[in-house]
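>>> Only the shape, not the letters, is given here:
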């Protein structure tokens, strides 16, 4: 006896239909039993159950008929399992582990002691107005939103790399210097570039970089653990399904 590979083709194989129907009945049995019990309770005149929602409102549980209408039929389930939607869903679960791991790796490699990668800072005294990153990105704050208009013009001129950075710096100085009494431009290079923590201490004294980093690191580790658990659950369900199908085919 041979079993088709676990793919969308398996759900199209007519020789698998009986075994797949048996598996479908098995996984939907708890809901079927619940619907039957609800129908009996409704027939006996029992009032629908209510729950308290997080916003303090009261919600009424769906009726047996509503649950039944929401359930897939076996043929609908077969169609879904061989659809692109199901394939993408499984692929997304598998990719989520990779993405979560890559995100965590990037965080672990870019600590508060890593270079801030800031090239130019525009300020009014000790108040930061905005800055240009080494890759040409621009961050602007209150009073300096015009920086984004300059960026748009640089993009319209198709400027790239250092040419774009030089253009933004030149135009920003022309535009902002007349508006602020203590306008300054601070330049950093590979030798003087501050760490993320030093940059925040100089320009964002109210922002705790270390605390923010540790919170992000904790969140990333939890996201990776959740992604791995989700993936393992998917693998376990797939293994359980294949074992059930093999057992059913052998028994038949």
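Good, I have the coordinates. Worth saying up front: this structure is predicted, and the values here are computed from it rather than measured.

>>> contacts, neighbours, all on C-alpha from now
Fine.

>>> residue ranges of the strands in the stretch 51-200 of the chain, please?
58-60, 118-124, 127-133, 138-140, 183-187 (DSSP state E, counting those that start in this stretch).

>>> list the helices and strands the fourth one packs on?
Based on contacts counted as 3 or more CA pairs under 8 Å, 6 or more residues apart in numbering; DSSP states H and E, the elements that strand 138-140 packs against are strand 127-133, helix 146-156.

>>> which one of those has the most crowded surroundings?
A comparison of these by mean neighbour count, using mean count of other CA atoms under 10 Å, puts strand 127-133 on top with a mean of 20.

>>> Residue 17 touches residue 11, doesn't it?
Yes: Residue 17 sits in contact with residue 11 when judged by CA atoms under 8 Å, with a separation of 7.5 Å.

>>> OK, contacts around residue 81?
Counting by CA atoms under 8 Å, 6 or more residues apart in numbering, residue 81 touches 8, 11, 87.

>>> what's the first one in contact with, if anything?
Contacts were defined as CA under 8 Å, 6+ apart; by that measure residue 8 touches 81-83, 87.

>>> Weed out the non-buried ones from the residues you listed.
81-82 (16 or more other CA atoms under 10 Å).

>>> Could you dump the contacts of residue 8 into JSON lines and include pLDDT and distance to residue 63?
Listed next are the contacts of residue 8 as JSON lines, based on pLDDT from 0 to 100; distance: CA to CA, whole Å:
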{"residue": "81", "pLDDT": "90", "distance to residue 63": "27"}
{"residue": "82", "pLDDT": "87", "distance to residue 63": "30"}
{"residue": "83", "pLDDT": "88", "distance to residue 63": "30"}
{"residue": "87", "pLDDT": "84", "distance to residue 63": "32"}
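
>>> Can you list which of the contacts of residue 8 are found in helices?
Among these, the ones falling in helices (DSSP state H) are 81, 87.

>>> gap between the helix or strand containing residue 36 and the chain center?
Assigned by DSSP states H and E, residue 36 belongs to helix 17-43. In terms of CA atoms, centre = their mean, to the nearest Å, the centre of helix 17-43 is set 34 Å apart from its chain centre.

>>> counting contacts, what elements does that helix pack onto?
So helix 17-43, by 3+ CA pairs under 8 Å, 6+ apart, packs with helix 64-70, helix 209-251.

>>> neighbouring strands for the helix or strand of the chain with the lowest mean pLDDT, and are they parallel or not?
Lowest by mean pLDDT, DSSP states H and E among the helices and strands of the chain is strand 50-52, with a mean of 79. The pairing partners recorded for strand 50-52 under DSSP bridges are strand 58-60 (antiparallel).

>>> give me the low-pLDDT residue ranges for this protein?
Scanning the chain for pLDDT under 70 picks out 1-7.

>>> Now do the most far-flung residue of the chain relative to its centre against residue 37, distance only.
The outermost residue of the chain relative to its centre, with distances by CA atoms, centre = their mean, is residue 44 at 46.1 Å. Going from residue 44 to residue 37 by CA to CA, to the nearest Å gives 11 Å.

>>> What of residue 72?
19 Å.

>>> For residue 84, give me its contacts.
Contacts of residue 84 (CA under 8 Å, 6+ apart): none.

>>> should've said residue 64
Residue 64 sits in contact with 35-36, 38-39, where contact means CA under 8 Å, 6+ apart.

>>> So what's the residue count around residue 72?
Applying other CA atoms under 10 Å, we find 12 residues neighbouring residue 72.

>>> Go through the helices and strands packed on helix 17-43 and pick out the most buried.
Highest mean neighbour count among the helices and strands packed on helix 17-43 (mean count of other CA under 10 Å): helix 209-251, a mean of 15.
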